[in-house]
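[1] this one's structure only:
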């Protein structure tokens, strides 16, 4: 009588479980990476110096004309300088997003077990830091030439928040654009013209009355004008209609968030 040898079964092979990284730690790691890269590349230094250059370029040729009319031009000009640096921060965000996309960084991050919103939020952390650095530089050069806060601490805080929100909202839009187009240099050059138009067709540098009558409604209601007028009022503690700047801020933030979601979904489905 023969006894059949027992059949040895091969050990079952189980697939490795892909553990998701929690939102907080993932955001912290990528934010530190992005901010460190901005420091190494000199973006933060550039952010501090850019408002100084802008301020001098506008103040030197124009302040005499304004001061003869009894207007403190440093007080008038400083808000739009901060907004213009916000526009340049948004251009930088587009370029950085394009560089990451072209180098394959975006695809590698998409393959990681992290929330799809984390890479975008990490890049926005750089925008916030850049905006705070630029705001500090702009306020320092403005103070050198006579800009002063005569408002409460809450109004000063609202002033800073409004500047950061402006830069953040635009950067969400330009970040999405840079992620799609990937050619960082072309994106940066293409965005220079719109930012120039936004600043020049506003009450940031000269009052609306200095423009031809037919274009004055456009100038008064442009986002840069609404933000600049609100910042001037906040800096002096004056009353102002907050509806327009808040509406612009919410609208731009929503548009930026939608753009970021669309681009993130597109990248994840590739």
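    Looks like it arrived, so ask away. Just so you know, these numbers come straight off a predicted model, no measurement behind them.
[2] now the helix or strand where residue 24 lies, how far from the centre of its chain.
    Per DSSP states H and E: residue 24 is located in helix 23-40. Distance of helix 23-40 from its chain centroid, counting by Cα atoms, centre = their mean, to the nearest Å, is 16 Å.
[3] packing partners for it?
    Packed against helix 23-40 by the contact rule (3 or more Cβ pairs under 8 Å, 6 or more residues apart in numbering; DSSP states H and E) you find helix 118-144. For every residue, glycine as well, the C-beta is placed using N, CA and C.
[4] what residues of the helix it packs on count as buried?
    By neighbour count, with 16 or more other Cβ atoms under 10 Å as the criterion, the buried positions of helix 118-144 are 118-135, 137-139, 141-142.
[5] go on, stretch 38-54?
    38, 43, 44, 46, 47, 48, 49, 50, 51, 52, 54.
[6] excluding chain neighbours, what is closest to residue 160?
    What sits nearest to residue 160 in space, not counting adjacent residues and going by Cβ to Cβ, 6 or more residues apart in numbering, is residue 135, at 6.1 Å.
[7] which helix or strand contains the nearest residue to residue 117 once chain neighbours are set aside?
    Distances taken as Cβ to Cβ, 6+ apart put residue 264 closest to residue 117, at 6.6 Å, once the chain neighbours are dropped. Assigned by DSSP H and E, residue 264 falls within helix 243-268.
[8] on that earlier part again, show me what contacts the residue nearest to residue 160?
    With contacts defined as Cβ atoms under 8 Å, 6 or more residues apart in numbering, residue 135 is in contact with 51, 82, 85, 160, 163, 164.
[9] which one of the residues you listed is nearest residue 253?
    Proximity of those to residue 253, judged by Cβ to Cβ, is greatest for residue 164, which lies at 11.4 Å.
[10] quick check: the closest one touching residue 131?
    Yes: distance between residue 164 and residue 131: 4.7 Å, which falls inside the contact criterion (Cβ atoms under 8 Å).
[11] the helix holding residue 24 - what's its average pLDDT?
    If you average the pLDDT over helix 23-40, you get 85.
[12] got it, and stretch 81-89?
    On average, the pLDDT along stretch 81-89 is 94.
[13] what's the answer for stretch 237-244, then?
    For stretch 237-244, the per-residue pLDDT averages 91.
[14] residues in contact with that stretch: which ones?
    Stretch 237-244 has contacts (Cβ under 8 Å, 6+ apart) with 150, 151, 152, 155, 221, 226, 229, 230, 232, 233, 234.
[15] can you turn the buried part of those into a ChimeraX selection?
    Buried members of those, defined by 16+ other Cβ under 10 Å, are picked up in ChimeraX with:
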select :151,155,226,229,230,232,233,234
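[16] please enumerate the helices of the stretch 101-250 of the chain.
    Under the criterion DSSP state H, counting those that start in this stretch, the stretch 101-250 of the chain carries helices at the ranges 105-111, 118-144, 153-181, 184-200, 216-221, 223-236, 243-268.
[17] dump those to CSV, plus distance to residue 73.
    Compiled in CSV, those are given as follows (distance: least, Cβ to Cβ, whole Å):
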stretch, distance to residue 73
helix 105-111, 44
helix 118-144, 10
helix 153-181, 18
helix 184-200, 16
helix 216-221, 18
helix 223-236, 12
helix 243-268, 22
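[18] comparing those by mean pLDDT, which bottoms out?
    helix 105-111 (a mean of 65).
[19] pull out the buried positions in the helix or strand harbouring residue 96.
    For residue 96, the host element (DSSP H and E) is helix 73-102. Residues of helix 73-102 classed as buried: 73-101 (neighbour count, 16+ other Cβ under 10 Å).
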